[in-house]
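Participant: everything below, folded, please.
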Amino acid sequence: MAAQAESPSGPAYVQRGERVNGRYRAYGERLDRLQASLGGRLHEDAPELVARLETSPPRPAPPGYGILPRLVADPSPSAPRSRTPSASYSWPATERFIERETEKLDRLEPELARIATLAPGDRVAGYAKMVDAYRQLRDTQRNIDNHIQYNWLWQSAIARDKAGYDHQNALAGAVLEREAVRDALSAGDADAFHKALTDVTGIEASQPWSTLEAGLRQREATISREIAAETDRFTRPPFVRVTHPTPHLWVFGIPLDTDIEDREFIHSFKRLVENVWRLRDGEDRFRVKLAITYLPAARLYRQRAVPRQGAPIDLAAHLERFPKDGGVLTTGASSTHVTAGACIVLGPHDIAPHVLAHEFGHVLGFRDTYIRGYRDRGADGYEVTEIAADPDDIMGSPGAGPVLRRHFERIIGDGSQP
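Facilitator: A predicted model of the protein is given here:
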């Protein structure tokens, strides 16, 4: 977990976060004790299950230099969305998450003593179910830890830049207003239309349907332009190289420096990102090609001490040590994100190919097309809110949005057809 001060003083989000950290630590310690007790019983009564217990999902690693995330599969495609996707994160929600898992642990712990009273032939089946339940708890613990680190990262960012996030709140309001307008425009009959109008502000509902519809379409266009003025801003990084080797093929060469020693991880990162950032559209093909250069930490730090594995680091100072002629892939974040324009900083939590590719989209120069805002919850800190302005875009839906032709067209030039 993030190294936060134990003092009860400080901003509300820090105080509330420390209380949640305390509950999480207590939960993790109980889970560790259960693992030890269960392991001892298995060695005596069901040695064939020991390997399954030992290969349970590992306990979450604290963030620090050199700590890599597990690369996991993309989730299964979800059902088509009828509403704009949104999400929120807060300390109370994370605490409720911990409470739900604690209740499961409360029910599981007595099972160890109960199974010991069973006939020898029945114990193995009981222990097998208990191992499965323990594995699920450990897997969910990683998700809880991810929520905690995410809250620390973004609540602290909000505290540092309230004005910037107030602007994001206004933009999120525009997305919701546009959704209400679109709901009204998609209504199938007059009753549904007028019912939908109740969610649209500033409308005189007594006007003829045709007049209302024309006004709504104009409003939708105006709101969309306002949103696009923020989310569609794009600056092609100077290090991106576009080649056009054949009439229907465009290759986007991206240099990337890394101090990550794990060659297997780097190979997987390269393969996963390149697989997502490729597109065939009719006869035309577009693909990203990464050129990754390994820079040993000793070379980056020269005469200074190299950070220890797992040690917390000053990310800004660390990133300053890299060359400025390409992107950067490094470690040390509490939660994976992009900073300083083109630097991907990895956190310790599991990450899927599409999410990695979304972060890489920032290296290419694209902005998020989801909006991160907040609600001030007083003593409970901030509630971090996210709403997708364009969910059918990898930059708006990190886990499932597609890479589109327009992404490559923006890189090539002015967005015209190549």
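Participant: Tyr134 versus Arg33, what's the distance?
Facilitator: 12 Å (Cβ to Cβ, to the nearest Å). Using the backbone N, CA and C atoms, a C-beta is placed for each residue, glycine as well.
Participant: more crowded one of those two?
Facilitator: Tyr134 (22 against 11; other Cβ atoms under 10 Å).
Participant: so who does that one touch?
Facilitator: Leu31, Leu34, Gln35, Leu38, Leu53, Ser56, Leu108 (Cβ atoms under 8 Å, 6 or more residues apart in numbering).
Participant: is it true that the fifth one touches Gln35?
Facilitator: Yes: Leu53 is within contact range of Gln35, at 7.2 Å (criterion: Cβ atoms under 8 Å).
Participant: and the strands in the stretch 1-150 of the chain?
Facilitator: 86-89 (DSSP state E, counting those that start in this stretch).
Participant: least trustworthy helix or strand in this protein by mean pLDDT?
Facilitator: helix 190-197 (a mean of 85; mean pLDDT, DSSP states H and E).
Participant: that one: what's the following helix or strand?
Facilitator: helix 209-231 (DSSP states H and E).
Participant: who are the packing partners of that next one?
Facilitator: helix 162-185, helix 190-197 (3 or more Cβ pairs under 8 Å, 6 or more residues apart in numbering; DSSP states H and E).
Participant: and the helices in this protein, which stretches?
Facilitator: With DSSP state H, the ranges of helices along the chain come out as 12-45, 50-54, 91-116, 120-160, 162-185, 190-197, 209-231, 263-276, 297-301, 315-319, 353-363, 405-412.
Participant: buried stuff in stretch 362-378?
Facilitator: By 16 or more other Cβ atoms under 10 Å, the buried positions in stretch 362-378 come out as His362, Val363, Leu364, Gly365, Phe366, Asp368, Thr369, Tyr370, Ile371, Arg372, Gly373, Tyr374.
Participant: greatest separation within these: which pair is it?
Facilitator: Leu364 and Tyr374 (27.2 Å; Cβ to Cβ).
Participant: of all the helices of the chain, which one is nearest Ala291?
Facilitator: Across the helices of the chain, closest to Ala291 is helix 263-276 (Cβ to Cβ), at 9.3 Å.
Participant: mind listing what's buried in the closest one?
Facilitator: Buried residues in helix 263-276 (16+ other Cβ under 10 Å): Phe265, Ile266, Phe269, Lys270, Leu272, Val273, Glu274, Val276.
Participant: now do the contacts for the fourth one.
Facilitator: Contacts were defined as Cβ under 8 Å, 6+ apart; by that measure Lys270 touches Leu290, Ile292.
Participant: and if we set it to 10 Å?
Facilitator: Applying Cβ atoms under 10 Å, 6 or more residues apart in numbering, we find Lys270 in contact with Leu256, Val288, Lys289, Leu290, Ala291, Ile292, Leu329.
Participant: so which of those residues belong to strands?
Facilitator: Cross-referencing the contacts of Lys270 against strands under DSSP state E gives Leu256, Val288, Lys289, Leu290, Ala291, Ile292, Leu329.
Participant: and those, which are buried?
Facilitator: Applying 16+ other Cβ under 10 Å to the ones in strands among the contacts of Lys270 flags Leu256, Val288, Leu290, Ile292, Leu329 as buried.
Participant: just flag the most distant two among those residues.
Facilitator: Val288 and Leu329 (14.0 Å).
Participant: quick one: contacts for Val175?
Facilitator: 84, 86, 223-224, 226-227, 231, 369-371, 373, 387-390.
Participant: pLDDT check: weakest of these?
Facilitator: On pLDDT alone, Thr84 ranks lowest of the contacts of Val175, at 72.
Participant: who's in contact with that one?
Facilitator: 172, 175-176, 178-179, 182, 370, 387-391, 396.
Participant: what's the spacing between it and Arg225?
Facilitator: 18 Å.
Participant: same thing with Thr331?
Facilitator: In terms of Cβ to Cβ, Thr331 sits 40 Å off from Arg225.
Participant: quick check on those two: which one has the bigger neighbour count.
Facilitator: Thr331 (27 against 10).
Participant: list the contacts for that one?
Facilitator: Counting by Cβ under 10 Å, 6+ apart, Thr331 has contacts 63-69, 258-260, 262, 307, 309-310, 313, 315, 318, 344-348.
Participant: please indicate which of these are buried?
Facilitator: Counted by 16+ other Cβ under 10 Å, the contacts of Thr331 give 63-69, 258-260, 307, 313, 315, 318, 344-348 as buried.
Participant: quick check: pLDDT value at the residue nearest to the spatial centre of the chain.
Facilitator: The centre of the chain sits closest to Val355, judged by Cα atoms, centre = their mean, with a distance of 6.5 Å. Per-residue pLDDT puts Val355 at 96.
Participant: what sits closest to it if chain neighbours are left out?
Facilitator: Closest residue to Val355 apart from its sequence neighbours, by Cβ to Cβ, 6 or more residues apart in numbering: Pro398 at 4.9 Å.
Participant: and Arg16, how many neighbours does it have?
Facilitator: Arg16, neighbours per other Cβ under 10 Å, totals 24.
Participant: same question for Ser206.
Facilitator: 7.
Participant: try Gly327
Facilitator: 24.
Participant: go on, Ser224?
Facilitator: For Ser224, using other Cβ under 10 Å, the count is 17.
Participant: wait, it sits on Glu230?
Facilitator: No: look at Ser224 against Glu230 with Cβ atoms under 10 Å: they stay out of range, at 11.3 Å.
Participant: can you list residues touching both of the two?
Facilitator: Ala174, Ala389.
Participant: dump the residue contacts of the closest residue to Ala133 other than its chain neighbours.
Facilitator: Nearest residue to Ala133, sequence neighbours excluded (Cβ to Cβ, 6+ apart): Leu108, at 5.4 Å. Residues near Leu108 by Cβ under 10 Å, 6+ apart: Leu31, Leu34, Leu38, Lys129, Met130, Ala133, Tyr134, Gln136, Leu137.
Participant: and what of Trp209?
Facilitator: So Trp209 contacts Ala187, Ala190, Phe193, His194 (Cβ under 10 Å, 6+ apart).
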